[in-house]
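S.K.: Build me a model from this:
(2 chains)
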Amino acid sequence: MAAVSVENIIMSYGKKKQKINALSDISFSVAAGELFGIIGPDGAGKTSLFRILTTLLLADSGQASVNGFDVVKDMKQIRKRIGYMPGRFSLYQDLTVEENLHFFATIFQTSFSENYNLIKDIYVQIEPFKNRRAGQLSGGMKQKLALCCALIHRPEVLFLDEPTTGVDAVSRKEFWDMLQGLKKQGISILVSTPYMDEANICDRVALLQKGKILSIDSPAGVIAHFKNPLVAVKAKQMLALLEKIKTLDFVQDAYPFGEFHHVVLQNEKAVPSLEQELEAADLGHITMHKVQANIEDCFIQLMKN
Amino acid sequence: MKQFFVFIKKEFYHIFRDKRTMFILLGMPIVQIIIFGFALTNEVKNAKIGVLDFAKDAASTSLITEIQASRYFDIAQTLSSQKEIEPVFQKGNVKLVIVLPANFNAELTHLHTAKIQIIADATDPNIANQLTNYASAIIRDYQQRITENQQLPYTIQTQVRMLYNPQMKGAYNFVPGVMAMVLLLVCTMMTAITIVREKELGTMEILLVSPARPFRIIVAKAIPYLLLSTINIASILLLSVFVLGVPINGSIWLLLGVSMLFILVSLSLGLLISASADTQQTAMFIALVALFLPTVMLSGFMFPVANMPVVLRVLSNVVPAKWYYNIVNAVMIKGLGVQAIWKELLILSGMLIFFLGLAIQKFKIRLA
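M.R.: Okay, here's the model as predicted:
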C-alpha cells in the first residue's frame, strides 16, 4: 500500500475573476518507507499540496489518500497517524522546549518517554536548552524541536513542509541526516524544499512548478534524462561572456551557475565549436570544462520546455 | 481527560508569562472599579458658585451662609455688579450665580414676597439642572424656617424616600455595569484573541492535525478564562462591599450563579468571534465594536434605556449585558429572588444555547 497517493488533485484560490491555480491536475504516489521530495520554487504549490494531504484543506477535485485513508472521509484516522511540520515555525514560543514536547506528546495521546528512542538522536542536541523558551532558540534548533514534536507520537507518515528554509548550511546537513535515520525506522517521509541540492538525498523527487509536476523520478533518473552536453565556462568578463554565448546558434541554453556559466549545447559536436568561438572572442582567462548535469540543470531545462 | 488538563495548564502558562495579558485580566477590573468609584462620578459636590448680593441685609446674609454651609456649593466669587456675571461664566470659574435684589429683607417682611434670580451655566444641562434644584431646595428650606411659626392656610408637604439607595450613591448604579463590562471584556475579547492567536502563529495548524477533538481544544481554551472571571467577580464584589460600601442585599449564591451564566454567554460569544476572525486585530475590533460599545451604550448602565428612541430600545434587547445588568440590579441592590428575574434568566439561557450552537457550527475543522 502506498504511503501517499494523489490522483488528479486540482486546487485553486480566489474568486472567479482572479482565480489562481495552486495545483492543476497533480498525480503521484509515495511508497511505504520512501523519502520523497517535492522540489520547487516559492509559489509552486508545495504548501497547498501538504495541507490537502494533512486534511487541512479540501481540494477542488481529485482524490488523495494517506496510508490508504481518504483525506476527506477518513480525516480522523489520518490525523492520528501523521506527523506534520508546517513551513513556518509553529510551536508555542512562550513555552520551554520541554513544555512544548510534553504538551504535544499528551495531545497525541502518548508520553515523552514512550517514544523517546525515536527522537533521542535529535533531542540530545537540543537537550542542553530544554528549559529555554522556544522563541529564544536559533533557527536550526527551532527546526529540531519542531521535528521532535512532529515525531513524538511515532507517526506512520511524516510531512515536512520546507523544513530547511532559513536554516544555515550545517544545520541543513544535520537535518537531512536525521531524515535518513528516520527513514531507517520505517517512517515514510514527504518533504518539500526550494533547495535543489537537497533533492539528491531523496529516494525520489517530484519537480513542481506553477502547480504542475514536471517530472517524477529518482534523482539519478532525473539527471539521466538530461541528454545534452553541458559545459561550465568562466572568464574575466562574465557578463560579456554570457551575452556572447547566447548569440551562438549551437547553444541551446546558458545561465549563470555559481561562479560559472552553464552552457547547454545541442550536441557533442558543438563542444569544440564553443571552444573556438570563445577563444576568438578575447574575454580574458577563459576556462571551460564539461560537467555532469545536476538536479538544478534538469529543473531549468524542464521549466523551459 | 489528560489532554484536557494539559491544555488548560498550557493556557495558564500563556497567561502568566505575558504581563500585559495578566494586567488586563486581573488588574483591569480593580482599576475600573476604583476609577468609577472615585474619579468618574456624576454626583455634584462642592460646585463653585458666585453670589451677587445687592441687599446685604440680615435675610440675604443668613441665606448666603446657608448656601455656603451645604455640601453641594462652595462660594468662589462674590460679585458686585451685573456686568461681572457674564465674564465669570465665560472664564468657567463658576457654574451658578445667585442674585439677591436690593431690599431683600424689607420686601420679604413687608410685602411677603421676594425674588431671587438663579443663573446657571447650562453647557452641561444635567449639571445645571441638578445645581438649580439644589439651590431651590436650600431656598425653600430657608423659607419654611421663617414661616414655621405662622399658620398657613393650605400646605402640601412632600415626603421623599429614596428606596434601595437612600444615599443616592452612584456606585449602586455602576457596580453592576462594571461587572457586565469586565466579564464581557475578559471572557469574550480575551478568549477570542487567544484562539485567533493560535491561528495567527500557526499552532492551530498543528493542533488540527492531531487526534485532539477540535471542539475540545476550544473548550479547554475557554476554561482558564472562566476561572479568572470568577476571581474577577469575587474581587469586584469585595471591593464594592468593603471599599465603596455597596451592599449585597440579595442572595450571594444567586448572584454568583447568574454571573456564571453570563460568563458562559460571554465565552460562547468569544468562541463565535474567534471562528470568524483570522487576525488578533480583527478579533479585537469585532469584540470592541460589536460587543463593548453596545454594552456601554445600551445596557442601561450609562444611559437609561427607557429614554431611548424605539429603534435603540428594540436593539438593546439583543445585548446580553442589558439582561445581566438588570439581574445584578435586582439581586444585588434590590435584594430580590429568582421569581423576579426568571425572564432575564430565560433570555440569557436562550442566548447561551444560540451562541454556543452557532459557534460549534461555525468552528472550522480545516484551515479554509
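S.K.: CA only for contacts and neighbour counts going forward, please
M.R.: OK.
S.K.: Could you list the contact residues of the stretch 51-200 of chain A toward chain B?
M.R.: Within reach of chain B by Cα under 8 Å from any Cα of the partner chain, the stretch 51-200 of chain A has these residues: A:54-58, A:76, A:79-80, A:82-86, A:88-92, A:94-95, A:103, A:106-109.
S.K.: Go again with 6 Å.
M.R.: A:56, A:57, A:79, A:80, A:90, A:91, A:106, A:107 (Cα under 6 Å from any Cα of the partner chain).
S.K.: Point me to the residue of the stretch 201-305 of chain A nearest chain B.
M.R.: Nearest residue of the stretch 201-305 of chain A to chain B (Cα to the nearest Cα) works out as residue A:211 at 19.0 Å.
S.K.: Check the closest residue to chain A within the stretch 1-150 of chain B and give its pLDDT.
M.R.: Nearest residue of the stretch 1-150 of chain B to chain A: residue B:3, at 5.4 Å (Cα to the nearest Cα). Per-residue confidence at residue B:3 stands at 84 (pLDDT).
S.K.: Thought residue A:108 was touching it, still the case?
M.R.: No: contact between residue B:3 and residue A:108 fails when scored by Cα atoms under 6 Å: they sit 8.3 Å apart.
S.K.: And those two? Which one has more around it.
M.R.: A count of neighbours by other Cα atoms under 10 Å in any protein chain shown puts residue A:108 above the other of residue B:3 and residue A:108, at 25 against 21.
S.K.: got the contact list for the residue of the stretch 1-150 of chain B closest to chain A?
M.R.: Contact analysis of residue B:3 by Cα atoms under 6 Å, 6 or more residues apart in numbering or on different chains lists A:106, A:107.
S.K.: What strand or helix carries it?
M.R.: Using DSSP states H and E, residue B:3 falls within helix B:2-17.
S.K.: cool, residue B:232 as well?
M.R.: For residue B:232, the element it lies in under DSSP H and E is helix B:214-242.
S.K.: The helix or strand just after that helix - contacts with which helices or strands?
M.R.: The C-terminal neighbour of helix B:214-242 among helices and strands, as given by DSSP H and E, is helix B:252-276. Packing partners of helix B:252-276 (3 or more Cα pairs under 6 Å, 6 or more residues apart in numbering or on different chains; DSSP states H and E): helix B:191-201, helix B:338-362.
S.K.: Need the contact partners of helix B:252-276.
M.R.: For helix B:252-276, the surrounding residues in contact (Cα under 6 Å, 6+ apart) are B:184, B:187, B:188, B:191, B:192, B:196, B:352, B:355, B:356, B:359, B:363.
S.K.: Near chain A, which residues of chain B? Just list them.
M.R.: When proximity is defined by Cα under 6 Å from any Cα, chain B lies next to chain A at B:3, B:202, B:203, B:209, B:210, B:211, B:366, B:367.
S.K.: what distance separates the start and the end of stretch A:146-164?
M.R.: One end of stretch A:146-164 to the other measures 12 Å (Cα to Cα, to the nearest Å).
S.K.: what is the rounded mean pLDDT of that stretch?
M.R.: Regarding stretch A:146-164, the rounded mean pLDDT is 92.
S.K.: What lies in contact with that stretch?
M.R.: Contacts for stretch A:146-164 (Cα under 6 Å, 6+ apart): A:81-87, A:101, A:105, A:119, A:172, A:187-193.
S.K.: Helices - which of the residues you listed land there?
M.R.: A:81, A:101, A:105, A:119, A:172 (DSSP state H).
S.K.: Just the buried ones from the residues you listed?
M.R.: Those of those that meet the buried threshold are A:81, A:101, A:105, A:119, A:172, by 16 or more other Cα atoms under 10 Å in any protein chain shown.
S.K.: As a markdown table, those residues with pLDDT would be great.
M.R.: Shown next, in a markdown table, are those (pLDDT from 0 to 100):
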| residue | pLDDT |
| --- | --- |
| A:81 | 91 |
| A:101 | 93 |
| A:105 | 92 |
| A:119 | 88 |
| A:172 | 88 |
